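Novice: with the sequence up front, the predicted model follows.
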Amino acid sequence: MISQFKQPCDEAVVHSAPECKVKSSAAGKWVLAATIIGSSMTFIDGTVINVALPALQSKLNASAAQAQWIVESYALTLSALILVGGALGDKYGRRRIFNLGVVIFTLTSLWCGLVSDVNQLIFARAAQGIGAALLVPGSLAIISATFDKKKRGRAIGTWSGFTAIAAGFGPVLGGWLVDNFSWRWIFYINLPLAAAVLLISFLRVPESKDDEATGKLDWLGAFLATVALGGIVYGLIESNNLGFRNAQVYGSLMIGATALVLFLIHETRSPNPMMPLGLFKSKTFSGANLLTLFLYAALSGILFFVPFNLIRVQGYDATQAGAALVPFVLTMFLLSRPAGTLIDRFGAKMPLVVGPIIAGIGMALFSLAGAGSTSYWRDFFPAIMVMSLGMVTSVAPLTTTVMGAVEERHAGIASGINNTVSRTAALLAIAAFGIVMLTAFNKNLDRKIVDLSPDAQVQIDEQRYKLVNIELSADISEETRSAAKKIVNESFVAGFRVVAYSAAGLAFLSALSAWFLIEGKDINKERK
């Protein structure tokens, strides 16, 4: 049972007891304001970083692997600790842990903006992920504890709508800041937002916690999950430079795999597991999470490289690259509600088979753009729109399926597990797709640079780790530099096409997992 708040019931204070839920629209609006702005910081940060990556790579002289780590270090700590963050809020107070997450996220955002080299940024981003792991689950938990059942759905819908708008607006804002000021401002923008969140939270958001959350937190599980994901991701990323036979790479992958096995063993024996594996006895729940793993890996993998293609190959500025993805977010925002009714009309299986297939076709369409594409509307817009239609067909039914596949009392942890799976998918995909991209890039580059001068070939060989950011020195003739740039761009596009086909393949695999594992019309029959 959720405990009552210490303050008496009034318009500014919302109790979790049934008789003390939101009694005025003003009180609810303050709670929504704090949770929406707080969550939006993480959503904006997650979408804007890809648009800023080309500038970050250039300004900090980062390799392709280091550019991956700027994203991966944040995703690693967030993925590994998000379930622990939710449990901390239930046990010690949701507002308290939410505010702690905001503070950590803000201080580390400032650290990100002040760094002088790429390694510092990678460490700062990892710390930023810890703040997000406390902040993200707290926002929805506060809403659920604040609003009664009649108002909760509308409140969550409001939260979803505004955070979707923030996620869509983030890349445009971030691109504009990169173009007109500095990449550092994509992190500084969090400071005034955090100040507003903390002010509202301390003054207007009530505290709540779960009195039944008395068990010990699964810190060992969190540690093993972090080591497992970190070891696997490190091995995959560094294999691009060192090769899989390298002892460091091989050792890292072995450590990650061993930690993963130990994590699974520990979760089956722990009295308070962070991920109750018993939930996976449901065929539909397992199928929905397998679908999530494949589909979100495909989406994250393709979207990681799209900004590099737009900015470094096609010549877009960062603002234009951010705006290029706005149709995706708008489609998700405008059609998510109607898509939520698909499961009532057709059951769970049909939209979860058809949606990923459509998304996969959209991902494959990205392969049509060449190194000198001149029309966004012809070469990129169709791919973005078809992919977004596939995703919007999938996402709402997927959420409903996950929640409906378990008993109601497990709905919170089921949602948390699915959220973790989607973030883990993104984490692994960026590392794995980096291997796909670099392999195809180098193969194409090796075939074409033989026509360049020996000096140009040497310089290109020395900078392969920069991928599309390769630049030749001024003592190389302009004609050779122009030819080399064309070769590098064409090699990147060759790799990008393989990434697009690989993403499409994963999307089709997610459709297959839905076909074989997810029940049809009645998603609740497994839990009866």
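Specialist: Received, thanks.
Novice: contacting residues for the nearest residue to Ala432 once chain neighbours are set aside?
Specialist: Distance criterion CB to CB, 6 or more residues apart in numbering; nearest residue to Ala432, sequence neighbours excluded, is Leu236 at 5.8 Å. No exception for glycine: its C-beta is placed from N, CA and C like everyone else's. Residues in contact with Leu236, defined by CB atoms under 8 Å, 6 or more residues apart in numbering, are 253, 428, 431-432, 434-435.
Novice: of these, closest to Val227?
Specialist: Within the contacts of Leu236, the smallest distance to Val227 is 12.1 Å, found for Leu253 (CB to CB).
Novice: I'd guessed that closest one sits against Ile232; true?
Specialist: Yes: between Leu253 and Ile232 there is a contact under CB atoms under 8 Å: 6.2 Å.
Novice: and these two? Which one has more around it.
Specialist: Remark: of Leu253 and Ile232, Ile232 carries more neighbours, 22 against 19, as counted by other CB atoms under 10 Å.
Novice: confirm for me that the more buried one is in contact with Thr258.
Specialist: No: no contact is recorded between Ile232 and Thr258 when judged using CB under 8 Å, the distance being 10.6 Å.
Novice: per-residue pLDDT, Thr268?
Specialist: Listed pLDDT for Thr268 reads 93.
Novice: which phi and psi does it have?
Specialist: Dihedral pair for Thr268: phi -70, psi -20, per degrees, to the nearest 10.
Novice: sec struct for Gly372, please.
Specialist: With DSSP: H, G, I helix; E, B strand; the rest coil as the basis, the three-state label of Gly372 is coil.
Novice: kindly report the same for Lys485.
Specialist: Following three-state DSSP, Lys485 is assigned to helix.
Novice: just give me the neighbour total for it.
Specialist: 16.
Novice: what separation do you get for it and Pro54?
Specialist: Separation of Lys485 from Pro54 (CB to CB, to the nearest Å): 15 Å.
Novice: got it, and Pro454?
Specialist: 29 Å.
Novice: of these two, who's got more company?
Specialist: Legend: neighbour count by other CB under 10 Å for Pro454 and Pro54, higher for Pro54 (23 against 7).
Novice: now that one, nearest residue through space, not along the chain?
Specialist: Once flanking residues are discounted, Pro54 sits nearest to Ile311: 4.5 Å by CB to CB, 6+ apart.
Novice: pLDDT below threshold where in the stretch 351-500 of the chain?
Specialist: For the stretch 351-500 of the chain, residues meeting the criterion pLDDT under 70 lie at 408-409, 411-412.
Novice: quick one, helices of it?
Specialist: Ranges of helices within the stretch 351-500 of the chain are 376-379, 381-404, 411-448, 454-462, 478-517, based on DSSP state H, counting those that start in this stretch.
Novice: need the winner for burial among the ones you listed.
Specialist: helix 381-404 (a mean of 22; mean count of other CB atoms under 10 Å).
Novice: what residue spans form the domains of the chain?
Specialist: In terms of domains, the chain is parsed into 14-207, 218-273, 278-438+503-528, 444-491 (source: automatic domain parsing).
Novice: now do the second one: distance to the chain's middle.
Specialist: Distance, stretch centre to chain centre, for domain 218-273: 20 Å (CA atoms, centre = their mean, to the nearest Å).
Novice: what's the answer for the third one, then?
Specialist: Average the C-alpha atoms of domain 278-438+503-528, do the same for its chain, and the two points are 12 Å apart (CA atoms, centre = their mean).
Novice: Ile357 contacts Ser510, doesn't it?
Specialist: No: Ile357 lies out of contact with Ser510 (CB under 8 Å); the separation is 9.1 Å.
Novice: ok, now how distant is the closest residue to Arg204 other than its chain neighbours from Gln459?
Specialist: Spatial nearest neighbour of Arg204, excluding adjacent residues (CB to CB, 6+ apart): Trp30 at 3.7 Å. Counting by CB to CB, the separation of Trp30 from Gln459 is 58 Å.
Novice: so where's the stretch 151-300 of the chain shaky on pLDDT?
Specialist: The stretch 151-300 of the chain contains residues with pLDDT under 70 at 153, 157, 211-214.
Novice: switch the cut-off to 50
Specialist: For the stretch 151-300 of the chain, applying pLDDT under 50 flags no range at all.
Novice: any chance you could map the helices in it?
Specialist: Using DSSP H, counting those that start in this stretch, the helices of the stretch 151-300 of the chain run over 185-188, 190-204, 219-242, 247-269, 283-308.
Novice: run a quick neighbour tally on the closest residue in space to Lys209 that isn't next to it in sequence.
Specialist: Leaving out its chain neighbours, the residue that sits closest to Lys209 by CB to CB, 6+ apart is Gly93, at 4.8 Å. Gly93 is flanked by 19 other residues according to other CB under 10 Å.
Novice: please tell me I have it right and Gly93 contacts Glu207.
Specialist: Yes: here Gly93 reaches Glu207: they are 5.0 Å apart, a contact under CB under 8 Å.
Novice: ok, now which ones touch the residue nearest to the spatial centre of the chain?
Specialist: Nearest to the mean C-alpha position of the chain, by CA atoms, centre = their mean, lies Arg423 at 5.2 Å. Counting by CB under 8 Å, 6+ apart, Arg423 makes contact with 75, 78-79, 82.
Novice: just those: which are in helices?
Specialist: Cross-referencing the contacts of Arg423 against helices under DSSP state H gives 75, 78-79, 82.
Novice: would you turn those into TSV with neighbour count?
Specialist: Shown next, in TSV, are the ones in helices among the contacts of Arg423 (neighbours: other CB atoms under 10 Å):
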residue	neighbour count
Ala75	26
Leu78	29
Ser79	26
Ile82	25
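Novice: quick check, nearest of the contacts of Leu236 to Thr158?
Specialist: Of all those, Leu428 has the smallest distance to Thr158: 32.5 Å, by CB to CB.
Novice: relative to Met363, how far out is the closest one?
Specialist: Separation of Leu428 from Met363 (CB to CB) stands at 17 Å.
Novice: find the nearest non-adjacent residue to Ser373, please.
Specialist: Ser373's closest residue in space is Asp379 (CB to CB, 6+ apart), at 4.0 Å.
Novice: my read: the one you found touches Ser367, true?
Specialist: No: using CB under 8 Å, Asp379 is not in contact with Ser367; the gap is 10.4 Å.
Novice: returning to that earlier point: now the helices of the stretch 151-300 of the chain in JSON lines, with distance to Val48?
Specialist: Supplementary listing: these in JSON lines, determined by distance: least, CB to CB, whole Å:
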{"stretch": "helix 185-188", "distance to Val48": "5"}
{"stretch": "helix 190-204", "distance to Val48": "10"}
{"stretch": "helix 219-242", "distance to Val48": "22"}
{"stretch": "helix 247-269", "distance to Val48": "29"}
{"stretch": "helix 283-308", "distance to Val48": "10"}
